[in-house]
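Q: The sequence and its predicted three-dimensional model are supplied below.
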Amino acid sequence: MNLHNWCLEVCGDYACFTRPEMKVERVSYDVMTPSAARAIFESILWKPAIRWNVTRIEVMNPIKWISVRRNEVGKTVPAPTAKQMAGVAVAPMGIFIEDERQQRAGLFLRDVRYRIHAYFDFVPPSEHKTNHSSEFWADEQEQTEIVRFDETAAKYAAMFERRAKKGQCFHRPYLGCREFSCDFRLIDDLTVEVARPIDETRDLGYMLYDMDFDRNADDPPALFFRAQIENGVMNTDRRQIEVRG
Amino acid sequence: MILQALKEYYDRKIEDPESDIAPEGFEKKELQFLIVINEKGEFISIEDTREKVGSKLVAKTFLLPRSVGRSGSRSYETTFLLWDHIGYLLGQPISDRKSIKQHQTWLKALNNLPLELAEDSGVRAVIRFYEQDEVAKAIASSEASECFKAPQCNMSFRLVGDVPVPCRERVQAFVINSLRTPDVEEVTEAGESDKLGICLVTGEWGEIARTHGRTPINKDTKCLVGFQKNSGYDSYGKEQGYNAPVVKSTEFSYVTALNTLLKSKTQRILVGDASTVFWSQSGSSFESDFSLFFSEPERDNPDSGNQKVKELFESVNSGTYMEDDGDDQFYVLGLSPNSARIAIRFWQVGTISQLALRIKQYFDDFAIVKPPKEPEFYSIRRILVNISTQDKSENILPNLTGDMMRSILSGTPYPATLLQAALRRIRSDTKERVKPVRAALIKAYLNRFNRFHPSDTFKEVSELLDVNQPSVGYQLGRLFATLEKIQEEASPGINATIKERFYGAACATPVTVFPNLLRLKVHHIAKLDHKGRVVEFERLLGEIMGNLKDFPSHLDIHQQGLFAIGYYHQRQAFFQTKNRIENDLNQ
């Protein structure tokens, strides 16, 4: 069930929607991916009860590229060892970025502006519990109390609209990479502010749609779809396009 | 986008019977040496396949079973099918402990060859060669010393009067067959079974490649797609190739296409550390002409490039590139190595007619009056060399090549670093400050910049001297060139002219230098004997000074560029009038 389709206009100086095959020496997709758009909506409002679906991405600015070299950290933070957990005096946890630095090239997008359209699916409270194994919850109390019966779709819809209008967000939304933060604006009335996407019709090949966390939360398979922009608009509605994976 | 286009290129080439692209499971590779044996496996000689081409030794290329990626501490455990380097085949050099291990791997692999291969008379002879311990003979032979000296040394076997063993019909049939039935052994060796998934290039369902093939670029071989384990690339439980699901046959196609392009003579240009390859959706003459527009002309035929550029001009005017295959997509891919991988510097897609127009624009922008000995068109390499430190190609800024190429192909303004580099070189060089190529570059930069950021005060820089150019920088440049010329004629052959001593200050902070130079001019002009010349100079100075109100305290970077062009134009004008006078006298 969904109440409403919202439209956000996002813009930023740089963007990198990394292609999986070139995620080391990064190369961006030509346009924003649905999962990146989803993350922007989630940064404004996310609850276990809602699931965002991106239906349409409109490209407002011409596609421009820039090649940049930058430093990245070449490691993930390790999990604590048994000794560290036991509190024995050993080498401290963590990594020193000075030692783990890597210089990498990237082909990014410049001066981007998109309009993204999305709606959310409401997951009724009774179904939340089944989403997670019992280990997920801290204790019995949390597991039972988390199910609140004052949750309704309309409440979250109002919350989102209020937050988006004020420019509130849980974390700064970004365009593909955390350092490429973006501005966003809720478009109230699409008839007043008519979108003028770029005049381009092109097949972009297969594009990452999202990761399929439903099938396997630890090793989610990637989902792909055939991305096409028609007069600057990319249809990403799962009800209309074929998503493979 | 990139992988799709590469795969497309492969599919196009494999359809074409005349192309020499390798079919699936194979690779075009050079074998420097062949060990010649008879059917009994007895050693006869070692054949050197290399031939001298120019100053380089070039080995013969054969269609061999594809090499396998090997890296890490246990890399010696992998060998190729019936060919490899000297460490594997002969266990040489003996001092290297690794080569002994490699040789053992090789022997083991020979013993484990499937029956259908071992039955082949060529393969049987190879096995006998090792059983009878003919290796020692091969190492002791006089030709072997050549192998030890060679920098790269891929070897295989050959029966007398036959093709190399890996090229034998039965071996090749075996390779094709084994593609259809997945190799069970490989699966267990990798420690895990191959995963199935969706291919992000074609959308097909199939076996995903865990590692991708390597691409030889700049002496080394590196990967275009590669993820090191435990280095921050593992995500959502995925390691290595599973991060980017690409089906094995697609992986083969794009790697082969890329390797073929990089080896090609006509479809690759190398500038600085960046290799640029290009291809069109369907075969076109533009594909083979493209490199001529940008690369340095061959020594023995310096006009080959000029001819092509002129043809381009004509074709743009007559519309040839547009009629035949003008709407065809054309791809330009700039690559440069970065640690163990290949990084993409730029990627340009456009129709041939679009690109033809942009390339013409690039040549138009670079057109400037120049001495007759200068080449008519400059290659990218020549342009960049002349603005890098000490005019050395190894000092070309790595980013600049890609950025400039991208600007040309997308028709956008040139990177600001280009102008900065050119001005820096003009200031630091004392002998030839404003070379024709530098002046051409600055002109192209300024005109192009102005096309995108129009201003009322800027007048397009022309090819020839433009006495009505309103820019202060330009007029100051002319003034400086005139003062230098007066000094040159007044005291010919002096060591340090005002150009050597004052150019930098004159173009950056004119007010500190020009009053002084004008004072010196009075003394210089007094030395001139020829009265007509004096009048000529005074008239010229008057004309230039008429365009100036006062000397500005400083010039910004664009005005400094205009200064350089004004200086250059005025100097060229001096030479040309002189030539003209001489020509008139001769007639």
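A: Cool, got the structure. Everything quoted here is computed from the prediction, not taken from an experiment.
Q: what does chain A have sitting close to chain B?
A: Taking CB under 8 Å from any CB of the partner chain as the criterion, the neighbours of chain B within chain A are A:19-25, A:27, A:29-30, A:65, A:67, A:69, A:72-76, A:102-105, A:107, A:204-206, A:208, A:211, A:218-222, A:224, A:226, A:244-245. Backbone N, C-alpha and C define where each C-beta goes, glycine included.
Q: residues touching the most centrally placed residue in chain A, list them.
A: Central residue check for chain A by CA atoms, centre = their mean: the C-alpha nearest the mean position is that of A:Ala39, 2.2 Å away. Contact partners of A:Ala39, counting by CB atoms under 8 Å, 6 or more residues apart in numbering or on different chains, are A:Pro173, A:Tyr174.
Q: Also A:Ala49?
A: Counting by CB under 8 Å, 6+ apart, A:Ala49 has contacts A:Phe122, A:Val123, A:Pro124, A:Pro125, A:His128, A:Glu151, A:Tyr156.
Q: quick one, strands of chain A?
A: Under the criterion DSSP state E, chain A contains strands at A:6-15, A:50-59, A:64-73, A:101-122, A:183-186, A:202-211, A:222-230, A:233-235, A:243-244.
Q: Name the member of the contacts of A:Ala49 with the most neighbours.
A: A:Phe122 (21 neighbours; other CB atoms under 10 Å in any protein chain shown).
Q: you'd agree that residue is up against A:Tyr156?
A: Yes. Between A:Phe122 and A:Tyr156 there is a contact under CB atoms under 8 Å: 6.9 Å.
Q: Now list whatever residues contact both of those two.
A: Going by CB under 8 Å, 6+ apart, residues that sit against A:Phe122 and also against A:Tyr156 are A:Ala49, A:Ile50.
Q: check contacts around the nearest residue to B:Ile127 once chain neighbours are set aside.
A: Nearest residue to B:Ile127, sequence neighbours excluded (CB to CB, 6 or more residues apart in numbering or on different chains): B:Leu110, at 5.7 Å. Taking CB under 8 Å, 6+ apart, we find B:Leu110 in contact with B:Val126, B:Ile127, B:Tyr130.
Q: buried residues in the helix or strand containing B:Gly122?
A: Secondary-structure assignment from DSSP states H and E places B:Gly122 in helix B:121-131. Of the residues in helix B:121-131, B:Gly122, B:Val123, B:Arg124, B:Ala125, B:Val126, B:Ile127, B:Arg128, B:Phe129, B:Tyr130 count as buried by neighbour count, 16 or more other CB atoms under 10 Å in any protein chain shown.
Q: same thing with stretch A:186-204?
A: Result for stretch A:186-204 [16+ other CB under 10 Å]: buried residues A:Leu186, A:Ile187, A:Ala195, A:Pro197, A:Ile198.
Q: That one: end-to-end distance?
A: End-to-end distance of stretch A:186-204 (CA to CA, to the nearest Å): 27 Å.
Q: burial of B:Pro552, as a residue count?
A: With other CB under 10 Å as criterion, B:Pro552 counts 16.
Q: Can you show me the helices along the stretch 1-150 of chain B?
A: B:2-15, B:86-90, B:97-111, B:115-118, B:121-131, B:135-140, B:144-149 (DSSP state H, counting those that start in this stretch).
Q: I'd like the distance from the longest one to the chain centre, please.
A: Centroid separation between helix B:97-111 and its chain, computed with CA atoms, centre = their mean, to the nearest Å, is 38 Å.
Q: Quick check: residues of the stretch 51-200 of chain B near chain A?
A: Checking the stretch 51-200 of chain B against chain A by CB under 8 Å from any CB, the hits are B:Gly197, B:Ile198, B:Cys199, B:Leu200.
Q: If we use 10 Å, what do you get?
A: B:Lys195, B:Leu196, B:Gly197, B:Ile198, B:Cys199, B:Leu200 (CB under 10 Å from any CB of the partner chain).
Q: Redo those as a markdown table? Include neighbour count.
A: Listed next are these as a markdown table, based on neighbours: other CB atoms under 10 Å in any protein chain shown:
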| residue | neighbour count |
| --- | --- |
| B:Lys195 | 15 |
| B:Leu196 | 12 |
| B:Gly197 | 20 |
| B:Ile198 | 20 |
| B:Cys199 | 25 |
| B:Leu200 | 25 |
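Q: From the residues you listed, which one has the minimum pLDDT?
A: Least confident entry in these, by pLDDT: B:Lys195, with 81.
Q: A:Pro221 touches A:Met211, doesn't it?
A: Yes. Here A:Pro221 reaches A:Met211: they are 7.4 Å apart, a contact under CB atoms under 10 Å.
Q: Can you pick out the most distant pair from the contacts of A:Ala49?
A: A:His128 and A:Tyr156 (13.4 Å; CB to CB).
Q: which neighbours do the two share?
A: A:Lys47, A:Ala49 (CB atoms under 10 Å, 6 or more residues apart in numbering or on different chains).
Q: that older thread, list of residues touching the helix holding B:Gly122?
A: Taking CB under 10 Å, 6+ apart as the rule, helix B:121-131 contacts B:35, B:37-43, B:82, B:89, B:103, B:106-107, B:110-111, B:113, B:116-118, B:120, B:134-135, B:137-138, B:156-160, B:162-171, B:174.
Q: cutoff 7 Å now
A: With contact meaning CB atoms under 7 Å, 6 or more residues apart in numbering or on different chains, helix B:121-131 is reached by B:37, B:39-41, B:43, B:107, B:110, B:113, B:117-118, B:157, B:159, B:162, B:165, B:168, B:171.
Q: Buried ones from the residues you listed, can you make that a ChimeraX selection?
A: Buried subset of the contacts of helix B:121-131, written as a ChimeraX selection, criterion 16+ other CB under 10 Å:
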select /B:37,41,43,107,110,113,117,157,159,165,168,171
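Q: Which of the contacts of helix B:121-131 sits closest to chain A?
A: Among the contacts of helix B:121-131, B:Val171 lies closest to chain A (CB to the nearest CB), at 32.2 Å.
Q: Who are the contact partners of that closest one?
A: Neighbours of B:Val171 in contact, by CB under 7 Å, 6+ apart: B:Leu82, B:Leu117, B:Asp120, B:Val123, B:Val165.
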